[in-house]
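**Student:** model this:
(chains A and B)
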Amino acid sequence: MNKENKVEKENTINSVPVCDVLENNRGVRVLLDMPGVSADQLQVDVKDRILKVTGRTAEPWHNRQIFYHRDFELSEEIDCTGISAKIKNGVLELTLPKLASARVHKIPVTTE
Amino acid sequence: MRSYNRYSLIPQSWWDGAGNFSNEIADWFAPFTEIRRHTGTLPRMTIREKDDNFEVRVMLPGCQPDSIAAEVVGDFLTIKAEQADRPKEEDERHIHCERSVSRFEETIKLPGRIDPAGVTAVYRNGILTVSLPREAKPQPAAIKVAIAD
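**Tutor:** You can find the predicted model right below:
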């Protein structure tokens, strides 16, 4: 570890943001508490069905910057290309739609 | 027992270290010890003393700004907040729940006298920052001595 990395490490607090996961037929919603993070300091990406959320606080907390990081493994039912994210009041909301094939389709039953 | 795992939404870091746990129960509790380890050092409230003011900051993610109230009585600062209701769509159900839905109320004693008229509070990105200017130090008033003769 070089000196710069060490300084960086000493000045950051690593935190795993707490989350709620909600599900319905259309998709899954993930809510993460990330206080102090604004949209421009947040990164959400998906690669190989791993959804990676990272963010850091703009202003230091207790003289150290908070570095949030949490990974999620997505099931085959999620449409990785349709994921959207928005942050409001320090709560990140991820919307993960299900693939059409994974949704329940009701079939009407008729009588003759 | 692992119903929350249905969509494999557990963080990757949890199962990375899971090999260290030999039995099912320890494995199941691993996620929680992991979280504590990461957030245990993170204070929710901080107070910073500056030359001309005190700055109190509180982590309050997901609050409605109008539910936050700050009050100063003498040397005591009280902060109250309510976390907003989590809007849940009709057919939605929780498959994993860690976030707290709660009221926050905390009273702290400030490290010095403040000027209550100059207190300001800002809620931004889920953090409430209350700035409390120090009370102006009484200036010595020179009294002219008249000579009575």
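**Student:** Strand partners (parallel or antiparallel) of the top strand by length along chain A?
**Tutor:** Secondary structure of chain A per DSSP state E: the longest strand is strand A:65-73. Take DSSP bridges as the rule and strand A:65-73 pairs in its sheet with strand A:12-15 (parallel), strand A:50-56 (antiparallel).
**Student:** Determine which of those approaches B:Glu106 most closely.
**Tutor:** Shortest distance between B:Glu106 and the strands paired with strand A:65-73, using CB to CB, is found for strand A:12-15: 20.4 Å. Yep, even glycine has a C-beta here, placed from its N, CA and C like the rest.
**Student:** distance of the closest residue to chain A within chain B from A:Ser38?
**Tutor:** Chain A sits closest to B:Gly126 of chain B, with a gap of 1.8 Å, by CB to the nearest CB. In this view, B:Gly126 and A:Ser38 are 10 Å apart by CB to CB, to the nearest Å.
**Student:** ok, now A:Ile83?
**Tutor:** For A:Ile83 relative to A:Ser38 (CB to CB), the value is 20 Å.
**Student:** When those two are compared, which one has more neighbours?
**Tutor:** Using other CB atoms under 10 Å in any protein chain shown, the more surrounded residue of A:Ile83 and A:Ser38 is A:Ile83, with 19 against 16.
**Student:** just checking, the more buried one touches A:Thr95?
**Tutor:** Yes. Counting by CB atoms under 8 Å, A:Ile83 touches A:Thr95, with 6.8 Å between them.
**Student:** Now do the helices in chain A.
**Tutor:** Under the criterion DSSP state H, chain A contains helices at A:3-10.
**Student:** Just to check, the residue of chain B closest to chain A is in contact with A:Asp33?
**Tutor:** Yes. If you go by CB under 8 Å, B:Gly126 and A:Asp33 touch, sitting 7.4 Å apart.
**Student:** who touches both of those two?
**Tutor:** Residues touching both B:Gly126 and A:Asp33 (CB atoms under 8 Å, 6 or more residues apart in numbering or on different chains): A:Gly90, A:Val91, B:Pro61, B:Gly62.
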